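In: A structural model of the following input is requested.
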Amino acid sequence: MARQQVRFCRSFDGAKIAYAISGSGPPVVMMPSWLTHLEYQWRSVAWQPWLEALSSRYTLIRYDPRGCGLSDRNVDDLSFDSWVQDFGALVDALRLDRFSLIGICQGGAVAVAYAGREGDRISNLVLYGTYARGRNRRTTIPLEPEKAKVMLEMLRLGWGQEDHAFMRSFATQFQPEGSIEHLRSWCDLQNAATSADNAVELTRVMFDVDVQEEAARITCPTLVAHPDRDAVAPFEEGRLLAQIIPNARFLPLNSPNHFMLPNESAWAAFLQELYAFLPQPAAEAGPVAGLTTREKEVLHLLARGLDNHQIGAQLNISEKTVRNHVSGIFAKLSVDSRARAVVAARDAGYGS
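Out: Reported below is the predicted structural model:
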């Protein structure tokens, strides 16, 4: 996977916001979800499918929200409006006149608010597993406000304690079909992202979000995708969002995982729709242009010196499947050895 470069910009009130850039191609900004840490996220097994899928085709821009990760944590203003203004400061600092925007979970609400106000700058909007209404605003869903109170109390009691019931519950909701490594990565993220006090305050603000009015003003092409058994953001909230945004396309995904796993058919279906929806990268030249997306992923890891077993582990596929991809790569690149494939890959910019 391409390397990331972490930098900082200054927001409206002087708060320093950390952001990371990776990959090359048309600019795509991925909003932060509930809690993030740019460096930890880059190494997280749970986030890796998203980062690889986007960095391999686009200039991917991510950032830590105020109060989290590498951004300033000790700030006076943790309001929803400050989140929207932080994002505006970031795209202004990067001089992004036109870009695609991806909003996941909490970040989707911020993306909706910004798109409703500054829609002319967004070429394409993708909203995944997100909502227009926080839990305290979901009066049509039974017990949602009550669940919000319970979660805040569990946050106060169990933050950062790996063996606490909240930590396990939190991790399981995000990826109920994930491995122990996936579940542990979500627990580790809590420790890395922020303090218990900040987590409670950020969550409280998130529960009071309502961006339905902004959603109705969105004019850019919008794709709303949502796992149909999502335990973090209810499926009906994604459906409602697609109904409110004019001409939005709704993509239900057959998965119980808020963050889908790379071996799910729903993940492959989502990537196919995502790549078709976002601006197309410039066509690659030479024999590499003939490789499939998966073959390019294998080639990238091969160029980094990984063996078949390691490549399989990274991509969550069997060694036999890796061998088949390697054989296909050899044929398309007209090479007869791993060493020559690595040379061709690095000449094309892979493996950095």
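In: so where's this structure uncertain?
Out: Residue ranges of the chain with pLDDT under 70: 1-2, 141-168, 282-285, 351-352.
In: and the helix or strand hosting Val343, what does it pack onto?
Out: Following DSSP states H and E, one finds Val343 within helix 338-347. Judged by 3 or more C-beta pairs under 8 Å, 6 or more residues apart in numbering; DSSP states H and E, helix 338-347 is in contact with helix 293-303, helix 319-333. For glycine as for every other residue, the C-beta is placed from the backbone atoms N, C-alpha and C.
In: residues in contact with the longest one: which ones?
Out: The one in question is helix 319-333. 287-288, 290-292, 294-295, 298-299, 302, 308-309, 311-312, 315, 336-338, 340-341, 344 (C-beta atoms under 8 Å, 6 or more residues apart in numbering).
In: again, but for stretch 294-311
Out: The contact list for stretch 294-311, computed with C-beta under 8 Å, 6+ apart, reads 1, 52, 56, 288, 291, 314-315, 319, 322-323, 325-326, 328-329, 332, 338, 341-342, 345-346, 350-351.
In: for it, how far is the first residue from the last?
Out: Length of stretch 294-311, first residue to last, C-alpha to C-alpha, to the nearest Å: 11 Å.
In: begin at 57 from here
Out: Noted, 57 is the first residue going forward, which turns the last one into stretch 350-367.
In: pull out the buried residues from that stretch.
Out: 351-360, 362, 364, 367 (16 or more other C-beta atoms under 10 Å).
In: quick check: the farthest pair among those residues?
Out: Within the buried residues of stretch 350-367, Lys352 and Asn364 form the most distant pair, 16.5 Å apart (C-beta to C-beta).
In: coming back round to it: buried ones in the helix holding Val399?
Out: 394, 397-398, 400-401.
In: please save the CA atoms from that helix in PDB.
Out: C-alpha atoms of helix 394-403 as PDB (Å, rounded to 0.1, in the frame of the first residue of the first chain):
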ATOM      1  CA  ARG A 394       9.200 -13.000  -9.700                       C
ATOM      2  CA  ALA A 395      12.300 -10.800  -9.900                       C
ATOM      3  CA  ARG A 396      11.300  -9.500 -13.400                       C
ATOM      4  CA  ALA A 397       7.800  -8.900 -12.200                       C
ATOM      5  CA  VAL A 398       9.100  -6.800  -9.400                       C
ATOM      6  CA  VAL A 399      11.200  -4.700 -11.700                       C
ATOM      7  CA  ALA A 400       8.200  -4.100 -14.000                       C
ATOM      8  CA  ALA A 401       6.100  -3.300 -11.000                       C
ATOM      9  CA  ARG A 402       8.500  -0.700  -9.600                       C
ATOM     10  CA  ASP A 403       9.000   0.800 -13.000                       C
END
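In: now the angle from that helix to helix 375-389?
Out: Orientation of helix 394-403 against helix 375-389 (axes from the mean of the first three to the mean of the last three C-alpha atoms, to 10 degrees) gives an angle of 70 degrees.
In: now do helix 394-403 against helix 349-359, angle only.
Out: Using the same axes, to 10 degrees, helix 394-403 lies at 110 degrees relative to helix 349-359.
In: other residues contacting helix 394-403?
Out: 343-344, 355-356, 358-359, 361, 382, 385-386, 389, 391, 407-408.
In: how far does that helix sit from its chain's centre?
Out: Put simply, helix 394-403 sits 30 Å off its chain's centre (C-alpha atoms, centre = their mean, to the nearest Å).
In: quick check, Ala281 in a helix?
Out: No. Secondary structure of Ala281 (DSSP: H, G, I helix; E, B strand; the rest coil): strand, not part of a helix.
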